[in-house]
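> build me a model:
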Amino acid sequence: MTEHLPAVVVGGGQAGLAASFYLRRRGIDHVVLDAAERPGGAWRQTWPSLRLFSPAAYSSLPGWRMPATPGADNPDAAHVIDYLARYEERYAVPVRRPVRVRGVTRSGEGFEVVTGAGTWSAGTVIGATGNGTRPFVPAVPGLSDFEGEQRHSSGYAGPEEFAGRRVLVVGGANSGAQIAADLLPVAEVTWATLTPPRYLPDDVDGRELFRVASARLRGEGGGVGSLGDIVAVPPVRRARDEGGLVATPMVRSITRTGAVGPDGVERGFDAIIWCTGFRPDLSWLSGLDLPRRDGRVVTDGTPVVPGVPGLFLLGYGDWCGPASATLIGVGQWARLVADRVAAALEPA
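Down below sits the predicted model:
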């Protein structure tokens, strides 16, 4: 049986919830299809010690400010997951889960969304599946030869299991710095990065990042990338200032028992943690044969996909709108999408 709706949102994380908020404000009937079994989106794949870059008030979705965290300035992932679950309830988000979208194709003036739980016919489709389900590990020579443990940051559950072990942490952005700092008290840590780490000024947090991203949107300044790559949250700042968090150049290759550095010397490791990011989960759009650049669907720098009326990509990163992959930044783009959806549904 096919269900007909003006809009279908694919993905029930923070971007999907923000889209639903503004679609509801616009009076647009819609459904949110989420492959996960529980609320929380990609935040369920983070590590226990992770902290947001900003206080709760600056980490909120549209309509409802995130409650403060008792006894802590910056919320942890568990607090964010609870907030997203309560946000769903507060706004009666029409989410159905677990429902995995298998494919989207053109159908007349709209789209056909095929899932394991049925088919939806939609006038518009908003992709909000995020980046959290496709962990990326670079093709380092010898990767498959390593006999120790390999883990992506999405599967890192804390330092306890690595106590007393030699751990190679790969990745020069926030996850690499935070996980390396988390491991330092219990493990022998080597932190390998492609380039020397670029710390943002210590007084910069998510509030400043959002301000800079918004200024870039207005054509002012060089954007967040001009500030640096790593937010110096307290544990990272402490580990750096105490001299424990020191980056080394990226390894040349992986061996059976360790890795070879750029100096040609092999060093032994018991485990490797890849803090090398994610790729967008857009396989469900393969039936539309969309133009791509550098592995990404081509957009106009906002959630709009040129040449495909009624299709929007929300929250995947700056290529879908500056700060669109952040809690506080996705709202402005969700509102734009809802406005465009309303315009697309107007009679000709």
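> only C-alpha atoms for contact and neighbour calcs from this point on.
Noted.
> helix or strand for the residue nearest to I28 when sequence neighbours are not counted, just tell me which one.
Among residues not flanking I28 along the chain, P6 sits closest, at 6.8 Å (C-alpha to C-alpha, 6 or more residues apart in numbering). Assigned by DSSP states H and E, P6 belongs to strand 2-10.
> that strand pairs with which strands, parallel or anti?
Sheet pairing for strand 2-10, assigned by DSSP bridges, gives strand 30-33 (parallel), strand 118-127 (parallel).
> turn these into CSV, columns for distance to F136, mean neighbour count and mean pLDDT.
Output for these, formatted as CSV (distance: least, C-alpha to C-alpha, whole Å; neighbours: other C-alpha atoms under 10 Å; pLDDT from 0 to 100):
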stretch, distance to F136, mean neighbour count, mean pLDDT
strand 30-33, 24, 23, 98
strand 118-127, 20, 22, 96
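> including distance to D82, could those go into TSV?
Output for these, formatted as TSV (distance: least, C-alpha to C-alpha, whole Å):
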stretch	distance to D82
strand 30-33	19
strand 118-127	23
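> so which of those gets nearest P70?
Proximity to P70 (C-alpha to C-alpha) singles out strand 30-33 among these, at 31.5 Å.
> ok, back up a step: state the distance from the residue nearest to I28 to G27.
Distance of P6 to G27, computed by C-alpha to C-alpha, to the nearest Å: 10 Å.
> neighbour-wise, which of these two wins?
The residue with more neighbours, out of P6 and G27, is P6; 19 against 10, by other C-alpha atoms under 10 Å.
> for the more buried one, which residues are in contact?
Residues near P6 by C-alpha atoms under 8 Å, 6 or more residues apart in numbering: 28-30, 122-124, 345.
> now T133: which helix or strand?
With DSSP H and E as the test, T133 turns up in no helix or strand.
> who's in contact with the residue nearest to it when sequence neighbours are not counted?
In this structure, T133 finds its nearest non-sequential neighbour in D281, 6.6 Å apart by C-alpha to C-alpha, 6+ apart. By C-alpha under 8 Å, 6+ apart, the contact set of D281 is 129-134.
> buried ones among the residues you listed?
129-132 (16 or more other C-alpha atoms under 10 Å).
> mind putting those residues into a markdown table with secondary structure, pLDDT and distance to G155?
Formatted as a markdown table, these follow (DSSP: H, G, I helix; E, B strand; the rest coil; pLDDT from 0 to 100; distance: C-alpha to C-alpha, whole Å):
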| residue | secondary structure | pLDDT | distance to G155 |
| --- | --- | --- | --- |
| T129 | coil | 95 | 19 |
| G130 | coil | 90 | 17 |
| N131 | coil | 85 | 15 |
| G132 | coil | 81 | 11 |
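> where does the prediction get shaky in the chain?
Along the chain, segments meeting pLDDT under 70 span 1, 71-72, 203-228, 348.
> and the gap between the residue positioned nearest the centre of it and R38?
With distances taken as C-alpha atoms, centre = their mean, the residue of the chain nearest its centroid is N131 (4.7 Å). In this view, N131 and R38 are 17 Å apart by C-alpha to C-alpha.
> tell me the secondary structure for the nearest residue to L288 once chain neighbours are set aside?
What sits nearest to L288 in space, not counting adjacent residues and going by C-alpha to C-alpha, 6+ apart, is T105, at 5.7 Å. Assigned by DSSP: H, G, I helix; E, B strand; the rest coil, the conformation of T105 is strand.
> quick one: residues contacting T105.
T105 touches 111-113, 285, 287-288, counting by C-alpha under 8 Å, 6+ apart.
> related to what we said a few turns ago, now flag whichever of the buried ones among the contacts of D281 is closest to D241.
For the buried ones among the contacts of D281, the nearest to D241 is G132 (30.9 Å; C-alpha to C-alpha).
> biggest helix in this structure by residues?
helix 330-345 (DSSP state H).
> contacting residues around it?
6-7, 14-15, 18-19, 22-23, 26, 28, 61-62, 123-124, 302-304, 309-310, 312, 314-315, 321, 323-324.
> now these: which count as buried?
6-7, 14-15, 18-19, 22-23, 28, 61-62, 123-124, 302-304, 309-310, 312, 314-315, 321, 323-324.
> take these and keep only those in strands.
Of these, the ones assigned to strands by DSSP state E are 6-7, 123-124, 312.
> wait, which of those residues is closest to V233?
Nearest to V233 among those, counting by C-alpha to C-alpha, is F312 at 33.4 Å.
> list the residues that contact that closest one.
By C-alpha under 8 Å, 6+ apart, F312 lies in contact with 125-127, 303-305, 337.
> how about JSON lines for these, with distance to F269 added?
JSON lines is the format used below for these (distance: C-alpha to C-alpha, whole Å):
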{"residue": "V125", "distance to F269": "46"}
{"residue": "I126", "distance to F269": "44"}
{"residue": "G127", "distance to F269": "40"}
{"residue": "P303", "distance to F269": "43"}
{"residue": "V304", "distance to F269": "45"}
{"residue": "V305", "distance to F269": "45"}
{"residue": "V337", "distance to F269": "47"}
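> for the residues you listed, which one is nearest F146?
Among the contacts of F312, and counting by C-alpha to C-alpha, the member closest to F146 is G127, at 36.8 Å.
> now do the contacts for the closest one.
9-11, 311-314.
> same check on Q45?
132, 154-155 are the contacts of Q45 under C-alpha under 8 Å, 6+ apart.
> would you turn the residues you listed into JSON lines with distance to V341?
Listed next are the contacts of Q45 as JSON lines, based on distance: C-alpha to C-alpha, whole Å:
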{"residue": "G132", "distance to V341": "26"}
{"residue": "S154", "distance to V341": "33"}
{"residue": "G155", "distance to V341": "36"}
